[in-house]
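Engineer: what follows is a predicted protein model with its sequence.
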Amino acid sequence: MACRISELVLGCRDPERLAKFWCEVLDFVVLDRDDEDIEIGPRSGFGGPQPTMVLSRTDGQNGTLRLHIDVSATDQDQQAELERLLAAGAHRVDIGQTGLEPWHVLADPEGNEFCLLKARIAPI
């Protein structure tokens, strides 16, 4: 049983500017966008051997995490993986979720936040 890093989420003031920069640096393309976020990644898209990057508009206030990891289960569904991560020492974190999100916000034993996504991806 395992997870893989599927996304790196970077809080930023100007997602368009950073998307252009990181696409140039990493030879990535824009995969998806909405009002607040731009997802960039390899041409093969989400779930491939490299994680994608989500550039997420933030106001830059102190205390706001600038970078966090999203993980996806590789060999079981999200609920089973959630139970495994909690048993391994992760704990739930409330950042104002509604409970309808398709991800779970967790923290490692030292309090570093990460998200468990619903999407399952193949192991490498």
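Structural biologist: All right, it came through fine. Remember, it's a predicted structure, so these values are computed and weren't measured experimentally. Numbers count the residues shown, from 1 in each chain.

Engineer: you'd agree residue 77 is up against residue 120?
Structural biologist: Yes. The pair residue 77 and residue 120 qualifies as a contact (C-beta atoms under 8 Å) at a distance of 6.9 Å. Every C-beta, even on glycine, is put in place using the N, C-alpha and C of the backbone.

Engineer: what about the helices in this structure?
Structural biologist: 15-26, 78-88 (DSSP state H).

Engineer: got a markdown table for the ones you listed, with mean pLDDT too?
Structural biologist: Formatted as a markdown table, the helices of the chain follow (pLDDT from 0 to 100):
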| stretch | mean pLDDT |
| --- | --- |
| helix 15-26 | 92 |
| helix 78-88 | 95 |
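
Engineer: how far away is the most centrally placed residue in the chain from residue 58?
Structural biologist: Centroid check for the chain by C-alpha atoms, centre = their mean gives residue 70 as the closest residue, at 2.9 Å. Using C-beta to C-beta, to the nearest Å, residue 70 is found at 16 Å from residue 58.

Engineer: what's the answer for residue 116, then?
Structural biologist: Distance of residue 116 to residue 58, computed by C-beta to C-beta: 21 Å.
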